[in-house]
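Undergrad: Fold the following and give me the result.
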Amino acid sequence: MFRPMRRFKQQLTEQECLAILTTEPRGVLSLIGDGGYPYGVPLDFVYDDGCLYFHCALSGHKLDAVKACDKASFCVLDKGRKPDDDWAYYFNSVIVFGRIRIVDDAEEKLNRLKQLGLKYYPTVGEVNEEIRKDADRCHILALTIEHMTGKRVHER
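TA: Predicted coordinates for the structure are as follows:
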């Protein structure tokens, strides 16, 4: 169902892809939006055991798109590097495809909010305070990865 990577010599290993999904701070979630147009939105995320987790408001374009179609794609780039003697950047990217859903279980929602918070906030206390204030004003989305590819890129 999913295409093989055309530039297979540049393909990252699964382990390299997972390292990017574990360490990089944000990516772009792509969904089918209004009128069938693609809708891409940059998001913070956390990876855990074959799934990506995001938070979102209780209403809005992203949530409407998820409710209309559960197919999604997510793209992450690493920071890349530009050698001093070159004009071009070297970077790695990961693209995943899968099914996205709203997390309904309250305990799972709180656990995922905590995971997200711990990735971005400096202290556990701040994470707990944000969850206390805002947990009832958001959803957690879970993207189960069905297919993943990674690529080494050298712009030329």
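Undergrad: With just CA atoms, put the longest helix seen in the chain into CSV.
TA: When the chain is parsed with DSSP state H, its longest helix is helix 106-120. The C-alpha trace of helix 106-120 is given here as CSV (Å, rounded to 0.1, in the frame of the first residue of the first chain):
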residue,chain,number,x,y,z
ALA,A,106,-9.0,9.9,31.0
GLU,A,107,-6.0,8.2,32.6
GLU,A,108,-4.2,7.7,29.2
LYS,A,109,-4.9,11.4,28.4
LEU,A,110,-3.3,12.6,31.6
ASN,A,111,-0.3,10.3,31.1
ARG,A,112,0.2,11.6,27.6
LEU,A,113,-0.1,15.2,28.7
LYS,A,114,2.6,14.5,31.3
GLN,A,115,4.8,13.0,28.6
LEU,A,116,4.4,16.0,26.4
GLY,A,117,5.0,18.4,29.2
LEU,A,118,8.1,16.6,30.4
LYS,A,119,9.6,17.0,26.9
TYR,A,120,9.1,20.7,26.8
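Undergrad: What average pLDDT does the helix or strand encompassing residue 63 get?
TA: Per DSSP states H and E: residue 63 is located in helix 61-68. Average pLDDT, helix 61-68: 96.
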